[in-house]
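S.K.: structure for this input, please:
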Amino acid sequence: MLNYQQQDQWQPTVGKRQSPIDLKTTSTQVSGPLNIQLASHYQLTQVTDDQTTIKVFGQGDVELFDRHYQLSQCHFHHPAEHTIDQQTYPFEIHLVHQTEIGQLCVVALMVELGQFDPVLQEIIDHYQPAGKQDVSLPIQQWLPSRPTGFHYLGSLTTPPLTEGVEWLVITNPNVHISPEQLNWFQHTFLPNNRLLQNDNHRSIFYHI
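M.R.: The predicted structure follows:
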């Protein structure tokens, strides 16, 4: 099992585009809204135990900056991996997509405490330690009609820490997590956020 408490023992990295990073609203290039267009419904299909988190496989088609991607899975981090102006969010959802040739793009939802989310609760209720459970859960409602956030080139946040991953970090998702739901994740899984990495002066775009 991946040990987040011993990240210094993970494989060494030599790249300069690692994730996660601190994203700054005041020192990045400002652009228009994030270009995300759903081409078909997002649907989660199977809840599985990934030992360090819940992984939920899914399907759906989306156009990200006019490039076609397919949703493959989503998973959860507590606390959040990215920070915004050095602010740590309690929870981060990663929607992992890929193209037909394998190019990866992660849409990260920065989740704040708030109202109970029924889809998150369904995922919790279907979780089985060391098991898997079929579900049918729509999640397109998690994406706002006008998303704001950041766009940059980074890496996977777990080994092999592969670079060349496109990141869209959405700061205004239509999903919150209740204190009770967050408490469940905290008691079920140890903290699973990778430590912040150096941005190395890479290009980061802030879309508002």
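S.K.: quick one, what contacts residue 88?
M.R.: 79, 80 (C-beta atoms under 8 Å, 6 or more residues apart in numbering). All C-beta spots, glycine's among them, are computed from the backbone N, C-alpha and C.
S.K.: tell me the pLDDT of it.
M.R.: Here, the pLDDT recorded for residue 88 equals 98.
S.K.: which residues does it bridge with?
M.R.: According to DSSP bridges, the residues that bridge with residue 88 are residue 83.
S.K.: tell me which element residue 183 is part of?
M.R.: helix 179-188 (DSSP states H and E).
S.K.: is it true that residue 13 touches residue 162?
M.R.: No: checked against C-beta atoms under 8 Å, the pair residue 13 and residue 162 is beyond contact range at 10.0 Å.
S.K.: these two: which has the busier surroundings?
M.R.: Using other C-beta atoms under 10 Å, the more surrounded residue of residue 13 and residue 162 is residue 13, with 15 against 12.
S.K.: quick check: phi and psi on that one?
M.R.: Phi and psi for residue 13, reported as degrees, to the nearest 10, are phi -110, psi 140.
S.K.: which elements pack onto the lowest-mean-pLDDT helix or strand in the chain?
M.R.: None of the helices or strands of the chain scores lower by mean pLDDT, DSSP states H and E than strand 29-31, at a mean of 85. Strand 29-31 sits against strand 204-207, with contacts defined as 3 or more C-beta pairs under 8 Å, 6 or more residues apart in numbering; DSSP states H and E.
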